[in-house]
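Peer 1: dropping the sequence and predicted coords here.
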Amino acid sequence: MLPFESLLKTLQTGSGFWNPLIWIVAIIVALLVVLIIRGFGKKDYKKGTTQTQAFLSGNPEYDKENMHIKGSNVYWGFSEIMRWIIQLLKKMHNGNVSDYVLWFVIIIAILFLSIIIPAGAI
Amino acid sequence: MNALDFIIANSPIFAVAIPLLGAFLTPIFGRINDKLRNIFAITIMIITTSIVFILAYDVITNGIRTYIFGAQDLTLPVVRILFEVDAMSSFMAIISVVLALVALIYSWAFMKENTGLDKYYTLLLLMTAGMLGMELTGDMFNFFVFLEITSISSAALVAFWINKGKSVEAGFKYIVISTIGALFVLFSVALFYGQYNALNMAIIAHSIQFSFLDKIALVLLIGALAMKAGIVPLHMWLPDAYSKAPSSITLILVGVTQASLYGLLRVCFTIYGKMITLSSISIGWILVLFGIVTILLGVIMAIAQSDLKRLIAFAAVGEIGYMILGIGTGLVTMSPDISAAGLTALKGGIFHIMNDALDVGLMFLVAGAIFYATRETSLDRLGGLARNMKYTTVFFIIGLLAVSGLPPMNGFASKLLIYESTYQLNPILAIIAILSSILLLAIFVKVLHSAFLGPALPRFNEVKEVPKSMLFAMAIIAGMIIIFGIFPDIVVNNIVEPAANALVDNAGYISKIMSLAGGA
């Protein structure tokens, strides 16, 4: 049976430490502060009025299916910048099992060169 | 000898034999009743899990446990197999049985509508027996045999949904890759046997001269096991297999991949440990390089995915990179003795093996729950599911925080150990690892937004929360993630550190067998 004190111990990470219990207490305190600040906010929110409708620069609201941003469109800009590398990597993953084996052969060859060729390299 | 002593003394063989025999008995129970078959399979796994926990407690308390099949006198020239269980083996066995047990509970409802479930449960138990055999054996040829058992049963389960062509294709790719990998392992075993007339890992490690043939065997073993472990660029089978297998099977496939990683660790630290310690450090650097490339490719490819299971599969590739990075850093610092930072890196890498199994495993179970409820895995078609699947959403958020390495979840603790120690090796490595972890967070926030948030979509109006057995399976893993996250020190001190110490103490591993052999 583990003694209770062991539950409170701090994980030593070599040059640092990590104690999740202290972190949780800090987060709870921060959340309380947030709640208090929120309490000072306006209280004139009315459910079911025009207040709750989406405002799209005066344009009519689309149907629900079209309002949701699809997975492929999230981080669109980031994906565009990374397009060159993503396309390159997708070419690697062509689904051809012969190519998978070719990669295995290439890696075996590289390992041979780095381990066997340099005499006493290990 | 009382009953408990008997169980402890025979626990290594019980851990493998019970699921193995259970696998062959499962179809008989299936003939009687489907529920009885499911209960039988879960009971078998509960017994196996209990035995593995007893074995692990015994090993961590009393040191290495051996079990000899055949002649007890190791000097006799008789065919025998030897299991040698140290803290690292038992650590891996714990992960395997937990994943298998959770997968069985999850399967109850998840696979209910499918036919051919006698075969499914039989193969699942075989796969577990194979995994445990790989982790508990101390014999290289026996390792190859269990690797084959695991590969064949896994390939059949990847292709279980044979009505879907892509599942069969993924199963085919898996068996091709597994067979090639196993063939190279067998070739390495033959090289050892030809030189040292031994198949036992400890005896090979004791005799190894690091001859030209030993170097060839090392290259082949690293290549084959790295491919089975899903290390870039040998990982390409992994997203195919992970994304096309039923989610319950994907959960165990994570364990199978890690069993191969364990094999790689045994090769580097135990069989060649003496040589790597005494010589130069290139193997460690090769692993560090593999680790960084694996992390980067995994996260970049995950960003580009719009299929949920394939996205998680690439994130899993990235997570494998963190383990390799930690373990490689540990290996680099083993010359001549492992440094404090190296041991911390190794502990981080080993702790991350367990955390990855839980975190990525939970993500796959959530993906399976979404598929079960909506018959959809495309992120372009999903949305608003949090309204109908509240518990699944909570489990997803727990998994998201854990995979991304956010405090206070378990992923943070292991990644922190890896970051700090790799920073001391080279700050750029730690920076890449941290930035990739941030990208992982972004990737799973995309999933949260695409699948769970947003307006309620009319086509999912009828969607309901998944059955209780699936929720229970996800709750077990989510609970472990939270507990390991809040009390990391207990896990590291009681399970991870003994495993790391056992791994670097190859002299202790060798001397245990040599003492049994009378110093022969």
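Peer 2: Structure received. For clarity, every value in this text was computed on a predicted model and none was experimentally measured. Numbers count the residues shown, from 1 in each chain, chains lettered A, B, ... in the order given.

Peer 1: what about the helices in chain A?
Peer 2: A:4-7, A:20-39, A:64-67, A:76-81, A:83-92, A:97-111 (DSSP state H).

Peer 1: deepest of those, which one?
Peer 2: helix A:97-111 (a mean of 16; mean count of other Cβ atoms under 10 Å in any protein chain shown). For every residue, glycine as well, the C-beta is placed using N, CA and C.

Peer 1: give the other helices and strands that that one contacts.
Peer 2: The elements that helix A:97-111 packs onto, with contact taken as 3 or more Cβ pairs under 8 Å, 6 or more residues apart in numbering or on different chains; DSSP states H and E, are helix B:165-196, helix B:212-229.

Peer 1: and the helices of chain A as TSV, adding mean pLDDT?
Peer 2: Shown next, in TSV, are the helices of chain A (pLDDT from 0 to 100):
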stretch	mean pLDDT
helix A:4-7	74
helix A:20-39	94
helix A:64-67	74
helix A:76-81	89
helix A:83-92	92
helix A:97-111	94
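
Peer 1: output those helices in JSON lines, with distance to residue B:473 appended to each entry.
Peer 2: Below are the helices of chain A laid out as JSON lines (distance: least, Cβ to Cβ, whole Å):
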{"stretch": "helix A:4-7", "distance to residue B:473": "26"}
{"stretch": "helix A:20-39", "distance to residue B:473": "25"}
{"stretch": "helix A:64-67", "distance to residue B:473": "32"}
{"stretch": "helix A:76-81", "distance to residue B:473": "34"}
{"stretch": "helix A:83-92", "distance to residue B:473": "33"}
{"stretch": "helix A:97-111", "distance to residue B:473": "32"}
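
Peer 1: in chain A, which residue sits nearest chain B?
Peer 2: residue A:71 (2.5 Å; Cβ to the nearest Cβ).

Peer 1: so who does that residue touch?
Peer 2: B:306, B:378-380, B:382, B:446-447, B:450-451 (Cβ atoms under 8 Å, 6 or more residues apart in numbering or on different chains).

Peer 1: need the max-distance pair from those.
Peer 2: B:378 and B:446 (13.2 Å; Cβ to Cβ).

Peer 1: and the two? Which one has more around it.
Peer 2: residue B:446 (22 against 15; other Cβ atoms under 10 Å in any protein chain shown).

Peer 1: now a PyMOL select for only the buried ones of the contacts of residue A:71.
Peer 2: Buried residues among the contacts of residue A:71 (16 or more other Cβ atoms under 10 Å in any protein chain shown), as a PyMOL selection:
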select buried, chain B and resi 306+379+382+446+447+450+451
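
Peer 1: which of the contacts of residue A:71 sits closest to residue B:57?
Peer 2: residue B:447 (38.1 Å).

Peer 1: do I have it right that that closest one meets residue B:311?
Peer 2: Yes: applying Cβ atoms under 8 Å, one finds residue B:447 in contact with residue B:311, separated by 6.6 Å.

Peer 1: any residues in contact with both of these two?
Peer 2: Common neighbours of residue B:447 and residue B:311 (Cβ under 8 Å, 6+ apart) are residue B:379.

Peer 1: just the strands in the stretch 1-150 of chain B please.
Peer 2: With DSSP state E, counting those that start in this stretch as the criterion, the stretch 1-150 of chain B has strands at B:65-69, B:81-85.

Peer 1: closest one to residue A:100 among the ones you listed?
Peer 2: Proximity to residue A:100 (Cβ to Cβ) singles out strand B:81-85 among the strands of the stretch 1-150 of chain B, at 32.4 Å.
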